[in-house]
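[1] quick one: sequence and predicted model below, then my questions.
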Amino acid sequence: MKASVYIATTLDGFIARENGDLDWLPGSDGTVDADLENEDFDYNTFMDSTDTLVMGRNTYEMITSFGHWPYENKRVIVLSSSLTEVENSAELKSCPPEDLYNELERSGAKHVYIDGGKTIQGFLRAGLIDEITITKIPVLIGTGISLFGPLEKDCHLNHIETKSYKNGFVQSKYNALRQHVL
């Protein structure tokens, strides 16, 4: 089984403002840059390769606030110790990343998309991430929610490729060397 991250950050490494707002992310207000109207930054190709999505509570709540559930054909697991129920055919779990990973592997999952800051951090610290795709958005916001947070030791990555786009986005893909980083 493969576990992957696909996420956007500010140039200074934040996935959201401290209050969770994504207003710095182009398109978050519903507008589309005319030059990039047909550009999805390989997101659809990535999503087509996955069969399962694991996200945290904050990510789940943000996505459900959009009004449209975009994951009808995916198994979606929400990791939360505070939610008591989820909608949209998602499954609710409260367990360590290692336990969920083993359960998904036993159930036949082939490619799992890990989403949400704390969820990504937990899987990374447990040494369960195989691939990380980060799209850097050319904006500095100074403070916010860090993608990776503090690490107890280095987490080594192998660079696969980097692409740059007309609007200044820079997307890099890495293989993570499976190791516990706690």
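    Perfect, I can see it now.
[2] contacts and neighbour counts: CA atoms only from here.
    Noted.
[3] touching stretch 1-11 from outside, list them.
    15-16, 24, 43, 105, 109-115, 120, 128-141, 147 (C-alpha atoms under 8 Å, 6 or more residues apart in numbering).
[4] now do 7 Å
    Stretch 1-11 is contacted from outside by 15, 105, 109-115, 128-140, using C-alpha atoms under 7 Å, 6 or more residues apart in numbering.
[5] swap in stretch 148-163?
    With C-alpha under 7 Å, 6+ apart as the test, stretch 148-163 has contacts from Gln121, Val170, Gln171, Ser172, Lys173, Tyr174, Asn175, Ala176, Leu177, Val181, Leu182.
[6] of the residues you listed, which belong to helices?
    In helices, judged by DSSP state H, the following of the contacts of stretch 148-163 are found: Gln121.
[7] still on that earlier bit, mind checking which of the contacts of stretch 1-11 are in helices?
    Among the contacts of stretch 1-11, the members found in helices (DSSP H) are Glu105.
[8] neighbour-wise, which of the contacts of stretch 148-163 leads?
    In terms of neighbours by other C-alpha atoms under 10 Å, the contacts of stretch 148-163 top out with Gln121 at 22 neighbours.
[9] about what we covered before: quick one: which of the contacts of stretch 148-163 sit in strands?
    Using DSSP state E, the subset of the contacts of stretch 148-163 located in strands is Val170, Gln171, Ser172, Lys173, Tyr174, Asn175, Ala176.
[10] what's the end-to-end length of stretch 119-130?
    One end of stretch 119-130 sits 14 Å from the other (C-alpha to C-alpha, to the nearest Å).
[11] for this protein, which segments count as helices?
    Ranges of helices within the chain are 43-49, 57-65, 97-106, 117-125, based on DSSP H.
[12] centroid-nearest residue for the protein?
    The centroid of the chain falls nearest to Asp115 when counting by C-alpha atoms, centre = their mean (2.9 Å).
[13] ok, now which ones touch it?
    When contacts are counted by C-alpha under 7 Å, 6+ apart, Asp115 touches Val5, Val54, Met55.
[14] between the ones in strands among the contacts of stretch 148-163, which is nearest Cys95?
    Set against Cys95, the nearest of the ones in strands among the contacts of stretch 148-163 by C-alpha to C-alpha is Ala176 (22.7 Å).
[15] burial measure for Thr162, as a count.
    The criterion is other C-alpha under 10 Å. On that basis, Thr162 has 13 neighbouring residues.
[16] dump the contacts of Asp115 to a markdown table, plus pLDDT, neighbour count and distance to Ser81.
    Conversion of these to a markdown table gives the following (pLDDT from 0 to 100; neighbours: other C-alpha atoms under 10 Å; distance: C-alpha to C-alpha, whole Å):
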| residue | pLDDT | neighbour count | distance to Ser81 |
| --- | --- | --- | --- |
| Val5 | 97 | 22 | 22 |
| Val54 | 98 | 26 | 14 |
| Met55 | 97 | 21 | 13 |
